[in-house]
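Novice: Need coordinates for the following:
(4 chains)
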Number of protein chains: 2
Amino acid sequence: MTAERDGERTQSQALKAQLALRELILAGALAPGERIAELAMVDRLGLSRTPLRAALLRLEQEGLLEEIPSGGYAVRAFSEADIFDAIEIRGTLEGLAARLAAERGVSAPQLGELKDCVAALEEIVESGEMSADDFARYVPLNARFHALLVDLAQSAPLRREIERATSLPFASPSGFVEAQAILPESRRILIIAQEHHRLVVDAVQNREGARAEAIMREHARLAHRNLQLALRGAGLSKVPGAALIRRRG
Amino acid sequence: MTAERDGERTQSQALKAQLALRELILAGALAPGERIAELAMVDRLGLSRTPLRAALLRLEQEGLLEEIPSGGYAVRAFSEADIFDAIEIRGTLEGLAARLAAERGVSAPQLGELKDCVAALEEIVESGEMSADDFARYVPLNARFHALLVDLAQSAPLRREIERATSLPFASPSGFVEAQAILPESRRILIIAQEHHRLVVDAVQNREGARAEAIMREHARLAHRNLQLALRGAGLSKVPGAALIRRRG
DNA sequence: CATGGCTAAATTGTATACAAGTTGTATTCA
DNA sequence: TGAATACAACTTGTATACAATTTAGCCATG
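Specialist: This next block holds a predicted model:
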């Protein structure tokens, strides 16, 4: 039931509902804890209940929704501790990926691709203060670096887990990078991040599994600092899904 | 829509379908790679397509099914490497849980519960050769130990991830224990496992996070040995889901 | 005035009819 | 004989009607 039309892939209603709902949730259009009424949402999105319910189920697995015991779903709220832990989980899994990549060895072309990616990031970071445009180029490159590293682990189960763990925006490697754009500490953090990138490639190349793992863990912890900075400064509003974060009183 | 009837909780059709399908898959009644025809399955399980489809979606998220690009789902096949990695992922996440438990500290009652659990396991292991009945008592206690440790980490996101990672039977802490029952090496492995149990409790009590983490990782790796033994011996047939394992030719 | 139970509205869970797409087969043409 | 195409059967995706349960409101009663 997937066909081409006008050169653009027609997506299923269920997928459309999933994307639209995620957009609404991350934009804060639905308050955390709020129950999602199916009929109202059906009217809002312009489709029927069946694909909507499929989307709700997927978003629950994804972690953005939680099941209500008496039936239906509600938008999930995240505490600061939740986000801290989600980042730690990502770091742990990416650390495992780095270790496996180092232990299992990587081919020359793969390593080259990784190095190209780091070089491109280097160019952006060393150009001095980061403009908004620099960040726009940085984020996808950074995402690519992380994706490549996961590829190198050659593990379908690990890929699955990491994709799942990073589906929450605050847990993703790019999660708080956007918030950095307005922070004075941003450049310093990016310089450290870039150092991590270089070190982990080196460790993988030299097949130092434990070292690669430790570096990637520490690398993810930069997001902890970004989280703290964003929570104290005004950067948090830039983060997708910020409305879901329940500040501790 | 959940109600009591005859003192027994009536479960939704969707949940019933999920459990029944999982049973069929793990029992090997459906061959790996085989497409699941909805209409045939509906006849077989005696419900309608709607709850069946909900169950299929959940089982896909759980990892037992994979989506077919042209539509529908197929039973997933697992290579030995997949299972190895899944065990490694579990060990990594449980290691993180143990570290967090140690770092965050545990209350005296919680620690007591954990120690009781270890003591009960100790009693079974030190009673000499393991009978089938001994294993029947061992498995739930072992599962309880692992569950308690996850509780102590006090992290909802981590709990989610670990539950997800252990939903595959071969990745679960009890996955290969049943296969051990007929293996001569079983007692030796259980003695080592018991040593791990004691050590990790000690590390958590003394708030040695890194040590607790390392021990739990090593503990999970016992499953690697069980996997190898089962693949060489005849124990594998005892493992739920053994039919899904694609032996390397 | 508070509380308990009852009724009605609203909401979710399920079944089924219908639409759209995919796959296999047969037929025809090169 | 081979391949390409058209057709038909089957399968999945979607919409909607129906059933069952939850929830909110109201009235009665202590």
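Novice: confidence score at the closest residue to A:Thr166 other than its chain neighbours?
Specialist: Excluding the flanking residues, the one nearest A:Thr166 by CB to CB, 6 or more residues apart in numbering or on different chains is A:Ser172, at 4.4 Å. C-beta: built from backbone N, CA, C; applies to glycine. Predicted confidence (pLDDT) for A:Ser172: 91.
Novice: can I assume A:Ser172 is in contact with A:Arg164?
Specialist: No: using CB atoms under 8 Å, A:Ser172 makes no contact with A:Arg164, being 11.4 Å away.
Novice: about what we covered before: gap between the residue nearest to A:Thr166 and A:Asn226?
Specialist: 12 Å (CB to CB, to the nearest Å).
Novice: ok, back up a step: count of residues packed around the residue nearest to A:Thr166?
Specialist: 19 (other CB atoms under 10 Å in any protein chain shown).
Novice: From A:Ala193, how far off is it?
Specialist: 14 Å.
Novice: again with A:Ala171
Specialist: For A:Ala171 relative to A:Ala193 (CB to CB), the value is 16 Å.
Novice: of those two, who's got more company?
Specialist: Neighbour comparison, A:Ala171 and A:Ala193: the larger count goes to A:Ala171, with 24 against 21 (by other CB under 10 Å).
Novice: Chain B contacts on chain A?
Specialist: The interface of chain A toward chain B, taken as CB under 8 Å from any CB of the partner chain, is made up of A:1-2, A:50, A:53-54, A:57-58, A:61, A:63, A:69-71, A:81-82, A:85-86, A:88-89, A:92-93, A:95-96, A:100, A:155-158, A:160-161, A:164-165.
Novice: again, 6 Å this time
Specialist: Listed as neighbours of chain B in chain A under the rule CB under 6 Å from any CB of the partner chain: A:57, A:61, A:71, A:82, A:85-86, A:89, A:92, A:96, A:155, A:157-158, A:161.
Novice: Secondary structure for those residues - can I get that in TSV?
Specialist: Listed next are the residues of chain A next to chain B as TSV, based on DSSP: H, G, I helix; E, B strand; the rest coil:
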residue	secondary structure
A:Leu57	helix
A:Gln61	helix
A:Gly71	coil
A:Asp82	helix
A:Asp85	helix
A:Ala86	helix
A:Ile89	helix
A:Thr92	helix
A:Leu96	helix
A:Ser155	coil
A:Pro157	helix
A:Leu158	helix
A:Glu161	helix
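Novice: For A:Pro109, state which of those is nearest.
Specialist: Nearest to A:Pro109 among these, counting by CB to CB, is A:Ser155 at 19.2 Å.
Novice: Can you tell me, leaving aside adjacent residues, what's nearest to the closest one?
Specialist: Using CB to CB, 6+ apart, the closest residue to A:Ser155 is B:Asp85 (4.4 Å).
Novice: same question, A:Asn206
Specialist: A:Ala102 (7.7 Å).
Novice: residues near the one you found, how many?
Specialist: Residues lying near A:Ala102 (other CB under 10 Å) number 23.
Novice: Downstream of whatever helix or strand it lives in, the next helix or strand is which one?
Specialist: A:Ala102 belongs to helix A:80-104 when assigned by DSSP states H and E. Next in sequence after helix A:80-104, counting helices and strands by DSSP H and E, comes helix A:108-125.
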